[in-house]
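Visitor: structure of the sequence below:
(chains A, B, C, D, E and F)
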There are 4 protein chains.
Amino acid sequence: MKAANKHALILSAATKVFAKKGFFNARISDIAKEAKIADGTIYLYFNNKHDILISIFDKELGAIHSQTKDMIAKENDAEIMLRIFIINYLRAMKKNKSFAGVMQLELRQTDKQIREYRDTQFAAYLNMLASIIVLGQKQNIFRSDLNPDIIKRTIYGALEETSRVWNISLESNYSLEDTIQQLFQLILAGLRVQHPVISEEPA
Amino acid sequence: MKAANKHALILSAATKVFAKKGFFNARISDIAKEAKIADGTIYLYFNNKHDILISIFDKELGAIHSQTKDMIAKENDAEIMLRIFIINYLRAMKKNKSFAGVMQLELRQTDKQIREYRDTQFAAYLNMLASIIVLGQKQNIFRSDLNPDIIKRTIYGALEETSRVWNISLESNYSLEDTIQQLFQLILAGLRVQHPVISEEPA
Amino acid sequence: MKAANKHALILSAATKVFAKKGFFNARISDIAKEAKIADGTIYLYFNNKHDILISIFDKELGAIHSQTKDMIAKENDAEIMLRIFIINYLRAMKKNKSFAGVMQLELRQTDKQIREYRDTQFAAYLNMLASIIVLGQKQNIFRSDLNPDIIKRTIYGALEETSRVWNISLESNYSLEDTIQQLFQLILAGLRVQHPVISEEPA
Amino acid sequence: MKAANKHALILSAATKVFAKKGFFNARISDIAKEAKIADGTIYLYFNNKHDILISIFDKELGAIHSQTKDMIAKENDAEIMLRIFIINYLRAMKKNKSFAGVMQLELRQTDKQIREYRDTQFAAYLNMLASIIVLGQKQNIFRSDLNPDIIKRTIYGALEETSRVWNISLESNYSLEDTIQQLFQLILAGLRVQHPVISEEPA
DNA sequence: GATGAATGAGTGTTCATTCAT
DNA sequence: TATGAATGAACACTCATTCAT
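Guide: The predicted structure is shown next:
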């Protein structure tokens, strides 16, 4: 990624370093070296190490969020919206694997600042998913007995774990299109209103 | 949790502390204080801080793994096996939320020792899921066009994210039974062989 | 060395360990293991780690001191006395190399207790050497222009360095008799009254 | 001593602290305080505590070694060379008593790094002494029945013990010139070819 | 007496952050 | 703006010593 200015240059370098070493094992000096600048320069653009991480989320997740939002706004069908959400997420994660790694790991930190970000910005992104499901239920496309909050998490978990394999996989790496197709198999078949579902519990 | 001996006492205390603060922010002295022992005592039972984390995984995940394995061994039907796997996982995570938190966060660390554990012990646990899917496909219960490696990740992601909500949720907390039911809606409907699946791509 | 009782057993073990690792790098547990007893047992016989070191000196150097003193008391000739001192020292160091190592290293510590020992017990031992020289000067065997305090140090340094080679030497190991003979060459030739000595200084 | 730069400043401070307390009892914070810098600054110039000690030897002993080597190279007479070696050593030790103390104590450590240094750099320095003796024997100035390896140790031991008194002495402090003169009495008288030596052993 | 588990004070080293240049 | 030397707080780990058994 070509950095337009030093702020972006640092974010890009930090994303690589965080992805490789994790936030805690990453050193400010690692980031500075990766960006080919002096350690101190970083503090002209960011308040502290945490601020860099938050800024990475702000920039990258913000971009995915607004792009997805814009694309969805142009559609009417909940199923197509869901498809857009899924494809946008997976494409972004495939394109910027470093960010994918950072997001999947660091967003889970119990750190106060991270938690705050997760509970506002990231929650808003995920709620698009809940809104799509609610819409699909209104449109009578998605089964109405599904709880949107639970399902949004279920879908997101499936998405995240799927994209996570791309970063760490020892297993053979399947193509984006294949993987998306497989995911739809599970998700849409489950969501669609016409499918009867088992209900008996095991002993 | 009542600790049978000091080894278990420390693991229990460490699990709580790691869940609350994360591995990196947790101090050895925090764990010692939680266990009401001296800092140095910890080193009579563990080699270092990392060793504690690995031991937590070994103990807790090992228990889930072997219990699930035993229960599955008694069954023939892949769908029931899948149900067992899912219920066992969710029950364990619901029961020991501290461990759930530790697992969901720390197992993703890029740290060498953690990665090693993940790539062997945890991978073996997950592969039960792939085996179940393969069996279901042989039994003609599950659709044969699904790739077990991708699907095992999809399902695990859904499970993990679902249980993760229980630890952090600001959202209302749904019951274990409700949540399991919802998950089956999606997963089994997607897996079952009789369901036709869409294939057209969006423009 | 067979220990008559536990006190001696510990001293013997400690001497070995101190010789091998040095006082600071030696662990109480190393000594306990070497003596095949429990760590705590050591504290039934010694106040602390320093006390063990001091006790080693007391026992070993005390033995050399009193034996040398007794042998010298039976002689009249200063040259023979000197010979006895030298042979006794070197024989003891050859026989108990572990103690030799401990003495050559630890007696130099700036530690308060060690310094105290060195300035009393060890100083008394060394002063036998000064007394012999003084006697030799009275007997007109040794040159009177030599300062006994300087010469005692000179001789002791030569002795110590000589015996030290036995413990560490990469160089070929000369026999005790050879080495003693060589030492006498230097020392007696220098001490004896009849030898003219150069006095001109270099430019 | 005025430190030309921070590296030298730290070495100078460390030399003082090591001389006073010994390597093991010296704290990094003691050195930092002595140098009036922060603890962490030390690690910008040295890898660890051991590295500081080795660097002290490298600098100080290296200086004595090369200076002595240069001065000896200009001479032909082994006796004069020996005189140069002795005077250089004693002058250096008299001038930098802290280093003298460090050298006399720490060079004896059984520590791996120290031993390595001793067996290479220090051994090379001492071998100058052996070479001088060999030359003197070729020149028929020194007795040929003396073993240079033993004698170099004997002389060095005498030198070291002599200079050691300057650091610790409770005894009256003799002048450098006096002491050198006394040392020559013993050493040269013993080395010189013309002196007959006793050979009879005591019973 | 003998044990060895437990203690907790002590320290080398790291690294985010600052600031004089 | 940019630098990178300097800072010093923070912490994992060690080990001499204690004491309940």
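Visitor: buried sites along the helix or strand containing A:Gln181?
Guide: Using DSSP states H and E, A:Gln181 falls within helix A:176-191. For helix A:176-191, the neighbour count (16 or more other CB atoms under 10 Å in any protein chain shown) marks A:176, A:179-191 as buried. Quick note: C-beta positions are derived from backbone N, CA and C, even for glycine.
Visitor: report all helices and strands that it contacts.
Guide: helix A:78-95, helix A:148-168, helix B:148-168, helix B:176-191 (3 or more CB pairs under 8 Å, 6 or more residues apart in numbering or on different chains; DSSP states H and E).
Visitor: that helix: how far from the chain's middle?
Guide: Relative to its chain's centre, helix A:176-191 lies at 17 Å (CA atoms, centre = their mean, to the nearest Å).
Visitor: how much space between the residue nearest the centre of chain A and C:Tyr125?
Guide: Central residue of chain A (CA atoms, centre = their mean): A:Tyr89, 5.9 Å from the mean position. Distance check for A:Tyr89 against C:Tyr125: by CB to CB, to the nearest Å, it reads 84 Å.
Visitor: quick revisit: quick one: which of the helices and strands packed on helix A:176-191 is nearest DNA strand F?
Guide: helix B:148-168 (22.5 Å; CB to the nearest atom of the strand).
Visitor: okay, angle between that closest one and helix A:148-168 too, please.
Guide: 130 degrees (axes from the mean of the first three to the mean of the last three CA atoms, to 10 degrees).
Visitor: want to try JSON lines for the helices and strands packed on helix A:176-191, with mean pLDDT and distance to D:Ile150 as columns?
Guide: Putting the helices and strands packed on helix A:176-191 into JSON lines (pLDDT from 0 to 100; distance: least, CB to CB, whole Å) gives the following:
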{"stretch": "helix A:78-95", "mean pLDDT": "93", "distance to D:Ile150": "76"}
{"stretch": "helix A:148-168", "mean pLDDT": "85", "distance to D:Ile150": "66"}
{"stretch": "helix B:148-168", "mean pLDDT": "86", "distance to D:Ile150": "75"}
{"stretch": "helix B:176-191", "mean pLDDT": "82", "distance to D:Ile150": "85"}
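Visitor: columns distance to B:Glu106 on top of the ones you listed, output as JSON lines?
Guide: Converted to JSON lines, the helices and strands packed on helix A:176-191 look like this (distance: least, CB to CB, whole Å):
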{"stretch": "helix A:78-95", "distance to B:Glu106": "21"}
{"stretch": "helix A:148-168", "distance to B:Glu106": "15"}
{"stretch": "helix B:148-168", "distance to B:Glu106": "13"}
{"stretch": "helix B:176-191", "distance to B:Glu106": "24"}
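Visitor: can you list the domains in chain A?
Guide: A:1-46, A:54-191 (automatic domain parsing).
Visitor: roughly how far out does the shortest one sit from the chain middle?
Guide: What it means is domain A:1-46. Using CA atoms, centre = their mean, the offset of domain A:1-46 from its chain centre is 21 Å.
Visitor: close to chain D, is it?
Guide: No: using CB under 8 Å from any CB of the partner chain, domain A:1-46 stays clear of chain D, with a minimum separation of 12.3 Å.
Visitor: sweet, I'm off.
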